[in-house]
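Q: Provided below for reference: sequence and predicted model.
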Amino acid sequence: MNVSIPLPRLRYAALALAGWAAASCSPNKFLDVNVSPNNPTVVQPTVQLPTITVGTAFVVGNMLGRDADLFIQHYAGLANQPFTEDKYAISGNYDNEWRGDLYGNNLNGAQTLIASTQGTNPAYSGIAKLLKAYNFALATDMWGDVPYSQALQGLGNIHPAFDRQQDIYEGATGIQSLFDLVREGLSDLDKATALPAGSVSPVPSAADDFVYKGVLSKWKKMGNMLLLKFANTISSKDPALATRVINEVLAKGAAGSAAINANADDFAVPFGAALGNTNPFYSYNVTNRPNDQMASTRFLDSLAANKDPRLPKYFTTTPDNPTPTEKTTYGNFTGFENGSSATAPVRANRSLYTTYVLGVAGEAPVRLLTNFQRAFILAESALRLNTAGDANALYQEGIRRSMEETGLSTTEIDAYFAANPNIVTLQGTNIRKLNQIITQKWIAWVGNGYEAWNDYRRTGFPRLQPALNVSFTPNIPQRLLYPPSEVAANGDNIPKVVISDKVWWAN
Amino acid sequence: MKKQVLLTLLLLVTLFHAVLAQTRAVSGRVTDQKTGEGLPGVTVLLKGTTNGTSSNADGSFTLTVPQVGGALVFSSVGMNTVEHALGSETQFNVGLTQNSRELSEVVVTALGIEKDKRTLGYATQEIQGAAVANKSEPNVVNALQGKVSGVNITGSSGLAGSSTNINIRGITSLTGNNQPLFVVDGIPISNDTDRTNGGAAGTLYGAQTANRAADIDPENIANISILKGPAAAALYGSRASSGAILITTKSGANVNRKLEVVVNTGFNFQTVLGLPAFQNDYGQGSGGTNTTSAGAGNIFTGSTTSWGPRFGTTPTYANGLLLANGSLLPYQAYPNNIRDFYKTGTLWTNGLQLAGNTGTSNFSLNVNSTTQKGITESSTLQRTNIQLGGGTTLQNKIRLTGSVNFSQTDQLAPQTGNGGSAFGTLAAVPRSFDLQGQPYQTVTGANLYFPGLDNPNYNLLNSNTASSVTRFINVASIGYDFFPWLSVVYRAGLDTYTDRRKQIAAISSARNPTGLIFQDEIQYAEFTGDLLITAKKENIFVDKLNATLLVGQQTNQRKRNEQYVSAATLSQPGFYNTINAAVFTGSGETNYTRRLLGYYADLSLAYNNYLFLEGTARVDQSSTLPTSNRTFLYPSVSAGFVFTDAFNIDSDFFSYGKIRGNVAMVGRDADAYVLDSYYITGGQGNNVANVTFPFNNVVGFRPSTMIGGVNSLNVLKPEFTKSAEVGLNLGFFNNRLTLDATYFKTVSSNQIIPVTIAPTTGYSSFYTNAGELDNKGIEILATASPVRSASGFTWDITANYTRIRNLVVSIYPGVTSSTIPGSSFIGSVPSYVVGQPYGVILGQKKATAPDGQYLINPRTGLWVTELSSQVTANPNVDWQGGITNTLGYKGLTFSFLFDAIVGGDILSFTQAAYKSAGVLQQTGADRDQPRVIPGVIAVANADGSTSYRQNNIQVDAQSYWSNQGLQSDLNVYDGTHFTLREVSLGYSLPKDLLTRTPFGSASISVSGRNLFYYAPNANFFPEVNTQGAGNIRGLDLQGAPSVRSYGAYLRFTF
């Protein structure tokens, strides 16, 4: 076989081929292949609401809540990060929470959802504003001054100024107050309720609204609850504004009925049992780091001293431990001293969170806003701000709603109330009464260290001793330090603060 | 697949054709006229054709020539060229004379164009195939270590098949790929590492997968040409801005007999290298006691650290007496419990190579197999390579060449890293724990160890990643000389591979307690087509001025597809099929397609063979840039001047001198799909707590934290690296001593980077053109032949030296530091920081007083809490060099390579964990003695000022060692090390011994790698890089150590 083509013909053939190739080649068409098949540039609100809702619960239940839990001594650290964080050795590494969870996921998610639904789908824009308000409150409560009015503008402002916490709560020129942000959200929800059915698509439903299943009236309760919570938070520093806001909510319904007034209406984000869908307490303390934490001896002491029936509802018993921390009628419990460097008991001999916090397999909700919280807030404001309502009755309601939430029966609760009148009745001076309210609220907030830490910093109650072996700051931290990612990219704007500086609303 | 069939057919056709050609064979011997000795490696060429061969070891050659006419041209480096007309004789004896002034070497340059090295205005370095074959090292990149100036090579670990990082002339791109472009037989191929990072609970835990250049068998390599700078690589365009490594596979072109058959086999052992020394005086416990459950519990209820009682003290339950499975255990040291975790690995290579050359056609068929069993369980590599290559010139003068490289690479790799891998939990093996003697799993196959930790042996066997890569690299070219001065070649190449991966974790493993199967399949295909038109003219315009003009067009397409599924909550233990999973924590696919059209021209001028000028220009059109900015041009100019020839300096002492220089620019496009801003699937958290979508079967999306490159502040443009280089080549003593020195500077500016912005903007970064990264450096390559005795004794030395200084000049207004993309440990962040060299680690530094002494906490006597985001480690080396000595006498060859790597910090979590656990040898010394940390205590004065008093607080050994911090500057080591990198001793049997055997030649060699090292400032071998090939360097996040190898090779030709 001989491959042979006469030369002249080959030359012409080659030239013709080259000409054809050049002519048939359209570089633009060939090069227009840069549209990503991997990720969308536009999404429906129905796929955005789940990430914001779950993200909000995740950030409260994960490291921020876990550290606040250590500070207010619900739980103690045995190993790894909780071990050092229990000694307040915190050098500001909250990048995941600040960058990833709060500003990156929850807040920017809410912001983009508002942008895409504002004016066209007020149900989603209203819900998104309420979630945005919650997350901004969380950020400022944890860090003090944070970017707010200039935040979330993308390249519109790559060095957002840090607004003063006072301005974030109260509002100022060019700064919408958190209260007004909530009111705007509520007003959107009012618009949505007024719209005829089917006039917008999509509408929130059980599929994407994990908490309230698309029932907008419950979202309004959540919004009113936010007003109560924010007012309560600033009540020491701006009692007049706090009183006005609480009265605004009370005017919508007596005893706070416009806010969350049934345990079933709690803003509690449910999780799932499947791996990756479990709540953050479970993900950390059961799945990934089962040896890092156990109950705080100090918290167990408080519960045991009160003979509190929630003790076995919150913590597992340690029947095999010959030297338990507490021997109670509810069984034996073993805790760990916050900050201790002692060898921890073996896992079977540790009191750990129960299904109240963890669920049977991680499905327990993270409770963000609750019915007992409403009762305690109204009790405190009746006491200190003279708002409507009987402080003692509201105090007792708070305890009952919390006990009910843990699964105690009315009979059991009644029995406890009958046997411990001194505990369940406000007594003495207003300061003593406040101590009682906040201490009971502290006991109720198991699983939400954020709220308990807020109350502690606001009121100084319950009276807690710093952890052992503290090396960084001698006292219970008053705030978190700004994360390295913000320091690196927005350092000039960052206020100079230390971990012992109180935030504005703290007393 | 269709392409491979076609190619194979094409080759068969051409071979058949070759057999039918009308030819005859001539043979002969080339000698040195002065000494009469046979001259090896002399090129024997049929004049006016590409038909040629080279003389073998004793100077003899055989060549197929036409029945009548023609002439043979004999040429060799350093010798005068001789032409000999062909008569009717079939036997030639030719003597060559030395040419003292020539220093000529043909090298492969960009686009596979062969050029005489003396004409080049830029630095290249050639490595012969023999220098990487048979070197106890299956990864060709590792085999280059210490041999090339300007190149830094660091293996990630000694596990079989783990990737190796290679950077040429430093790092030029802040976030882009800084690995050089790998080119096989003229076409670019993938050297991607394709890290799969751990699946659902992903970071800091994953297998060390291979860099894909490891699919090439070193045995198949004819030679390697390293193009170091942008000028050398300009014609390859954007992807060669980090240099290029051109690999030419064997094709039979320089086989001088009709058929040569080579059989080789090698066997190596590998042992773990560079473990630190451990203490053997104290066992399990904390604070000097060992408390277990109820005072007498199971061994696993105690501490994982070795701060327990001293061995030899009275055993009591409180004092170390332990139970395992109900029986008493002796309380004693197991000095080798960590060392014996590593076993002796083996590496077995076998190869069969056939090569033939008929004069007009040549072919080679190589079949090689490599079987490696690593230094731990679950670390294996099995690679099979089949390569068929060849070329022919048809009777109508059309030249065809082609090669088909098939490889099948199967790797099994254990997990490494801080997040619970076996290597991470080794630090949690108390000195008194019999790791090899105690069972690692229960009777039901569950993990048996301290709670929350994997037993290292259990982890190895049950949590690993299997990868199976099937790859074809096919090249075909057709060329024709339209006129004697005009030739046209079209070359097309396809590199395609499929990597099927499966990462598994057993039920009960600490990291994935419900078990995990993460399965992904990566498909990659890259097509490159080059049209090359070359025009040559001699004596153009003036006498002795020769010009070569090359114009070309390139079409390149890269397509990648990865499909994955993460399946968890397994039910049947030990059964790793996704049908066994109840929960799917993520599935999907990622794709990219990117295309590039390039148009280029290269004009070379040579005057009188001593003055050379070359200019190149290239225009690229890239699919990844905005339409308005996707066409970009970049030029280069280089010059070389052989002044010894120009000025007729003709001396035996100063035999060759050339000065050269160039300036060049290389443009670079963006990654695919970085222009838009996207929504990404929801999910938050890290390895300690996370949430993934779908969430309870509901899909969720969130805005990506990255803003695309077309945004309100800018529209992305191509980035450019500019470089300038000057160099000097000198030859002395008839070129028995040569020096090749280069100084270079590169400036890479307006880089396409995601600039970090304040997270409170809602985003973490946006794509823009910003930043400047500068490199300057010196490279020196020297060769010497001190001895060439008449008795046959030879001594050759090759040495290289590299010193590179790298500086991040700017990032973006207002941004002084940014994170290098990739996974890292929060708090130890590989970064680029303005004013610092690239890749420094921002970690935690112990706080100091103004005078530099440590600040001590007055309550504890320990360091006060670290400052975060401090520059703690600089992974860039100060300088590096290698020196190879080769001694030869008759059939004996002995060579050894020493290399030095000076500087280059490493942050070692491995050492940190060993310290903290009281395992390291230093932690056992004076353990019962208190110590006072040198430092000062701050005292607040009444007037508000601060003064400092000397620390006098005693702390115990455990507090001292366990409070150094995991990621603090106290765990940063200077990585300086000097290594006896390679030693080999070979012996070729004398020809007369083989006359009665079927062998043409037979040789045996023994070789060793990393036989000895000296690291003055590190107590381990500092070549560990747990992030594998990539821009993150200097981090040992509890990866696997390196290896030492030694073995023997046998090689026969028939």
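A: Sure thing, it's come through.
Q: surely B:Ala913 meets B:Thr425?
A: No - assessed by CB atoms under 8 Å, B:Ala913 is found out of contact with B:Thr425, at 9.2 Å. (C-beta placed from N, C-alpha, C; glycine too.)
Q: is it true that B:Phe472 lies in a helix?
A: No - using DSSP: H, G, I helix; E, B strand; the rest coil, the secondary structure at B:Phe472 is strand, not a helix.
Q: who does it form a beta bridge with?
A: Taking DSSP bridges as the rule, B:Phe472 bridges to B:Phe406, B:Thr496.
Q: ok, it - contacts?
A: Shown in contact with B:Phe472 (CB atoms under 8 Å, 6 or more residues apart in numbering or on different chains): B:Gln4, B:Val404, B:Asn405, B:Phe406, B:Leu494, B:Asp495, B:Thr496, B:Tyr497.
Q: neighbours of the nearest residue to B:Tyr673 once chain neighbours are set aside, how many?
A: Computed as CB to CB, 6 or more residues apart in numbering or on different chains, the closest residue to B:Tyr673 that is not its neighbour in sequence is A:Ser36, at 3.9 Å. Neighbours of A:Ser36 under the rule other CB atoms under 10 Å in any protein chain shown: 17.
Q: my read: A:Ser36 touches B:Asp676, true?
A: Yes - counting by CB under 8 Å, A:Ser36 does reach B:Asp676; the two are 6.7 Å apart.
Q: against B:Pro40, how distant is the residue lying closest to B:Gly38 once chain neighbours are set aside?
A: Closest residue in space to B:Gly38, ignoring its immediate chain neighbours: B:Gly59 at 2.6 Å, by CB to CB, 6+ apart. Distance, B:Gly59 to B:Pro40, by CB to CB, to the nearest Å: 6 Å.
Q: again, but for B:Ala799
A: For B:Ala799, the distance to B:Pro40 (CB to CB) stands at 24 Å.
Q: one more: B:Glu219?
A: 21 Å.
Q: and what of B:Arg1033?
A: 41 Å.
Q: between B:Glu219 and B:Pro40, who's got more neighbours?
A: A direct count of neighbours by other CB under 10 Å for B:Glu219 and B:Pro40 places B:Glu219 higher, at 28 against 15.
Q: was I right about that one contacting B:Gln353?
A: Yes - with contact defined as CB under 8 Å, B:Glu219 reaches B:Gln353; the gap is 7.3 Å.
Q: which neighbours do those two share?
A: Common neighbours of B:Glu219 and B:Gln353 are listed as B:Asn264, B:Asn366 (criterion: CB under 8 Å, 6+ apart).
Q: now do the helices in the stretch 151-300 of chain A.
A: Assigned by DSSP state H, counting those that start in this stretch, the stretch 151-300 of chain A shows helices spanning A:165-170, A:178-194, A:216-233, A:239-252, A:280-282, A:297-305.
Q: hmm, the second one touching chain B?
A: Pointing back at helix A:178-194 there. No - shown here: helix A:178-194 not in contact with chain B (CB under 8 Å from any CB of the partner chain), separated by at least 16.0 Å.
Q: residues contacting B:Tyr606?
A: One thing to correct before we go on: residue B:606 is Ala, not Tyr. Taking CB under 8 Å, 6+ apart, one finds B:Thr119, B:Leu545, B:Asn546, B:Ala547, B:Thr548, B:Phe612, B:Leu613 in contact with B:Ala606.
Q: put the buried members of these into a PyMOL selection.
A: Selection of the buried residues among the contacts of B:Ala606 in PyMOL, burial being defined by 16 or more other CB atoms under 10 Å in any protein chain shown:
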select buried, chain B and resi 119+546+547+548+612+613
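Q: of all the contacts of B:Ala606, which comes closest to chain A?
A: B:Thr548 (20.8 Å; CB to the nearest CB).
Q: for that closest one, give me its contacts.
A: B:Thr548 sits next to B:Thr534, B:Ala535, B:Lys536, B:Lys537, B:Asp602, B:Leu603, B:Ser604, B:Ala606 when contact means CB under 8 Å, 6+ apart.
Q: which stretch of helix or strand covers it?
A: Assigning secondary structure by DSSP states H and E places B:Thr548 in strand B:545-570.
Q: mean confidence score for the lengthiest helix in chain A?
A: Longest helix of chain A, by residue count under DSSP state H: helix A:122-143. Averaged over helix A:122-143, pLDDT sits at 98.
Q: after it, next one along is what?
A: Later in the chain than helix A:122-143, the nearest helix or strand by DSSP H and E is strand A:146-147.
Q: name the residues that touch that next one?
A: Here strand A:146-147 has contacts from A:136, A:139-140, A:160-163, A:165, A:168, A:490, A:493, B:758, B:760, using CB under 8 Å, 6+ apart.
Q: what does the average pLDDT come to for that strand?
A: The average pLDDT for strand A:146-147 rounds to 98.
Q: how is the residue nearest to B:Tyr673 assigned, secondary-structure-wise?
A: Put simply, A:Ser36 is coil when judged by three-state DSSP.
Q: for it, give me its contacts.
A: A:Ser36 is in contact with B:Ala672, B:Tyr673, B:Asp676, B:Tyr678, counting by CB under 8 Å, 6+ apart.
Q: now pLDDT, secondary structure and distance to A:Asn80 too, for those residues, in CSV please.
A: Below are the contacts of A:Ser36 laid out as CSV (pLDDT from 0 to 100; DSSP: H, G, I helix; E, B strand; the rest coil; distance: CB to CB, whole Å):
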residue, pLDDT, secondary structure, distance to A:Asn80
B:Ala672, 94, coil, 39
B:Tyr673, 96, coil, 38
B:Asp676, 96, coil, 39
B:Tyr678, 97, coil, 34
